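**Student:** Just a sequence and a predicted model for now, questions to come.
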Amino acid sequence: MKAPPRLFVLLRLLLAACLWPSAAFADEPLPAKIRALFIGNSYTHTFTIPSTLEMLLASKGVVLEHESDTPGGATLTDHWGNGYTLVDLRKGGWDYVVLQDQSARPFSNRSGVLSDVNRFDAEIRKVGARTLLYQTWPPLSSLGNGTYINETYRLASVATGATLVPVGTGHPAARTAVGDSAMYLSDGSHPSTTGSYFAALTFYRTLTRESTLGLPKPSNVGQTQATAMQNAADSVALAPTVAPTFSLAAGTYAGPQRVILQTPTPRATIHYTTNGNTPTTASARLADGGTVAIATTATLKAFAVSAGSTSAITSATYTLTTTNGQTLLGNGTAAPVAISWPVNPPNLLVNNPGFETGVASPAGTYGGANSSVSTLLPRTGLYGVRTLGGGGFTRTVSGLTASTTYEALIWTQPGTDVSSANWGINNFTTPAAQLGAVVPTHGLPLAWRRGVQRFTTGATNTSAQLVLHQNSGSASHDDLELMKVPEGYELGMKFRSS
């Protein structure tokens, strides 16, 4: 029995809703700028494929800065030993490095291609870049070799985790659209203007995960051929989104950790949980290459999504025995810690001295509330306090002994926009007294320096207030200490050495 027409339409709409990426699968925005190094030969520089890609990306507001090492006929082995390609690669600053081997090598020496891609990929990772494998096409006289060429590049992609730019995979569709010879120069090997445009379109689609329809074309490619190439590029299925990798292996660690989550899939968004629950698109998200702070024992689970394609879930459990030198309680929170001296005087228990609970508590504001606990440049562990101009915070320490000398120590890192950072001790006598100090940069901002102050409580005072404050600029603070001073100890005799 046929379904009623209205029901049939409804079923089609429901199916489309299931298959079409929803707002929940929003990709990361296109970057403002991409820096790429192209390593290859004349298959790359014929009709300037990098420059054509630059034009395509510019139409979407993305600046492509590129350099090329592409001498005619060069193999990846040649590039490894020529004395300049590795120099260009190792100077860094690249987002992507494109690898393209000599056209005959993928079917004449597959093992050599795989070996070269592997060692280049290792160098590319060292400079924080991603590898793109430019899959080329067979010569016009040997179109049957295309399958073997495609497989060689696919195997290299699988072995290294590099992103495949499937020009060779889409080449048959492009040839069908305009005729085999239209994709080649008269030598039957190098790309024509149309073939080069198709290659650039495939790069664009790989990097943006978007359709190429409606993109601009070079003046030497006709509109009919341009549209045919765009349709051919779009006919190649996007590679499935690759599951994230974790920079830190699962295991037991003595303190808080940072885990970098990465996937080679362009424009991927990563969703994660740290409580062992299965993540969804409603879970916490970060961009590829983002960091998750592990402040206590946790099971990290994450998946990546791009262009509506969802990866498998990656999972790892991290067991922390301490946090910033503090033994963890059963509930995973940091216990107060007594910091030992060379001898054993009475020690003050300073709660949360390294801010590893992720909050400044127990604390109050000082001046403006322009301060926060931050993962930005902590001295140890995962967290420190960041103070900005006009703001700060206080911490009142109770349980002191009246008429007793104490020493306070804090590590401070002035920002590049100031010459010193400010901190002090308040309310340790009656009437209230203030003891202020600065930690100068000595011309070296972004270097951790210790500040030490000694004070004596009043006859009736059993508390003191530590103050971190910045009149202007910025500073970071971490690792508070406050202890009773044994007789005979000079100022700053005891301080952390690490």
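**Tutor:** Yep, it's here. Every value quoted in this text rests on a predicted model; they were computed, and no experiment measured them.

**Student:** Helices of this structure, residue ranges please.
**Tutor:** Secondary structure of the chain (DSSP state H): helices at 5-19, 42-45, 49-58, 76-81, 85-90, 105-108, 110-126, 146-160, 167-178, 193-208, 223-235.

**Student:** what sits up against the fifth one?
**Tutor:** In this case it means helix 85-90. 37, 39, 67, 69, 79-80, 97, 120, 123-124, 126-127 (Cβ atoms under 8 Å, 6 or more residues apart in numbering). C-beta: built from backbone N, CA, C; applies to glycine.

**Student:** is Glu407 in a bridge, and if so with what?
**Tutor:** Bridge pairing for Glu407 (DSSP bridges) gives the partners Arg454, Met483.

**Student:** for the one 5 residues further on, same thing?
**Tutor:** The residues paired with Thr412 through beta bridges, assigned by DSSP bridges, are Arg449, His477.

**Student:** That one - how many residues pack around it?
**Tutor:** A count of nearby residues for Thr412, using other Cβ atoms under 10 Å, gives 28.

**Student:** for this structure, which spans come out with low pLDDT?
**Tutor:** 1-26, 255, 322-377, 380-381, 416, 418-419, 436-448, 486-498 (pLDDT under 70).

**Student:** And Ser219, how close does it get to Asn41?
**Tutor:** According to Cβ to Cβ, to the nearest Å, Ser219 stands 25 Å off from Asn41.

**Student:** With neighbour numbers in mind, choose between the two.
**Tutor:** The neighbour count for Ser219 versus Asn41, taken as other Cβ under 10 Å, is higher for Asn41 (25 against 7).

**Student:** Which residues are in contact with the more buried one?
**Tutor:** If you count contacts by Cβ under 8 Å, 6+ apart, Asn41 has them with 70-75, 100, 102.

**Student:** Let me have these in CSV, extended by distance to Phe393 and neighbour count.
**Tutor:** Shown next, in CSV, are those (distance: Cβ to Cβ, whole Å; neighbours: other Cβ atoms under 10 Å):
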residue, distance to Phe393, neighbour count
Thr70, 56, 22
Pro71, 60, 14
Gly72, 64, 11
Gly73, 65, 11
Ala74, 59, 20
Thr75, 60, 19
Gln100, 55, 26
Gln102, 62, 22
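
**Student:** Out of those, which comes closest to Val167?
**Tutor:** The shortest gap between Val167 and any of those belongs to Gln100, at 9.4 Å (Cβ to Cβ).

**Student:** For that closest one, which non-adjacent residue is closest in space?
**Tutor:** Among residues not flanking Gln100 along the chain, Gly40 sits closest, at 3.2 Å (Cβ to Cβ, 6 or more residues apart in numbering).

**Student:** For Glu407, see how far away the spatially closest residue to Asp180 that is not a sequence neighbour is.
**Tutor:** Sequence neighbours aside, Leu140 is the residue nearest to Asp180 in space, at 6.2 Å (criterion: Cβ to Cβ, 6+ apart). For Leu140, the distance to Glu407 (Cβ to Cβ) stands at 82 Å.

**Student:** which one of these two has more residues nearby?
**Tutor:** Higher neighbour count among Leu140 and Glu407: Glu407, with 22 against 16, using other Cβ under 10 Å.

**Student:** just checking, the more buried one touches Thr456?
**Tutor:** No. With contact defined as Cβ atoms under 8 Å, Glu407 and Thr456 do not form a contacting pair (10.6 Å).

**Student:** ok, the residue at minimal distance from the centre of the chain - contacts?
**Tutor:** Among the residues of the chain, the one closest to the centroid is Gly289, at 2.2 Å (Cα atoms, centre = their mean). Residues near Gly289 by Cβ under 8 Å, 6+ apart: 260-262.

**Student:** Name the nearest of these relative to Glu481.
**Tutor:** Ile260 (30.8 Å).

**Student:** residues contacting that closest one?
**Tutor:** With contacts defined as Cβ under 8 Å, 6+ apart, the neighbours of Ile260 are 246-248, 289-291.

**Student:** mind redoing it with 7 Å?
**Tutor:** Residues in contact with Ile260 (Cβ atoms under 7 Å, 6 or more residues apart in numbering) are 247, 289, 291.

**Student:** Run through the bridge partners of it.
**Tutor:** Thr291.

**Student:** what's the burial count for the closest residue to Leu466 other than its chain neighbours?
**Tutor:** Among residues not flanking Leu466 along the chain, Arg395 sits closest, at 4.8 Å (Cβ to Cβ, 6+ apart). For Arg395, the number of neighbouring residues by other Cβ under 10 Å comes to 22.

**Student:** And for the one 4 residues further on?
**Tutor:** Residues within reach of Gly399, counting by other Cβ under 10 Å, total 8.

**Student:** For Thr429, see how far away it is.
**Tutor:** With the distance defined as Cβ to Cβ, Gly399 ends up 17 Å from Thr429.

**Student:** I'd guessed Val452 sits against Trp411; true?
**Tutor:** No. Under the contact definition of Cβ atoms under 7 Å, Val452 does not touch Trp411, with a separation of 10.4 Å.

**Student:** Spell out the residue ranges of the strands in the stretch 351-498 of the chain.
**Tutor:** Taking DSSP state E, counting those that start in this stretch as the criterion, the stretch 351-498 of the chain carries its strands at 364-367, 371-374, 384-388, 391-398, 405-414, 420-426, 434-440, 449-456, 463-470, 474-484.

**Student:** packing partners for the fifth one?
**Tutor:** This means strand 405-414. Counting contacts by 3 or more Cβ pairs under 7 Å, 6 or more residues apart in numbering; DSSP states H and E, strand 405-414 packs against strand 420-426, strand 449-456, strand 474-484.

**Student:** please redo it, this time with the cut-off set to 8 Å
**Tutor:** Packing partners of strand 405-414 (3 or more Cβ pairs under 8 Å, 6 or more residues apart in numbering; DSSP states H and E): strand 420-426, strand 434-440, strand 449-456, strand 463-470, strand 474-484.

**Student:** nearest to Val385, of the ones you listed?
**Tutor:** Of all these, strand 474-484 sits nearest to Val385, with 4.5 Å by Cβ to Cβ.

**Student:** Distance from the chain centre to the closest one, please.
**Tutor:** Relative to its parent chain, strand 474-484 has a centroid offset of 29 Å by Cα atoms, centre = their mean, to the nearest Å.

**Student:** Then stretch 90-99?
**Tutor:** Counting by Cα atoms, centre = their mean, stretch 90-99 comes out at 16 Å from the chain centroid.

**Student:** which parts of that stretch are buried?
**Tutor:** Buried residues in stretch 90-99, counted by 16 or more other Cβ atoms under 10 Å: 94-99.
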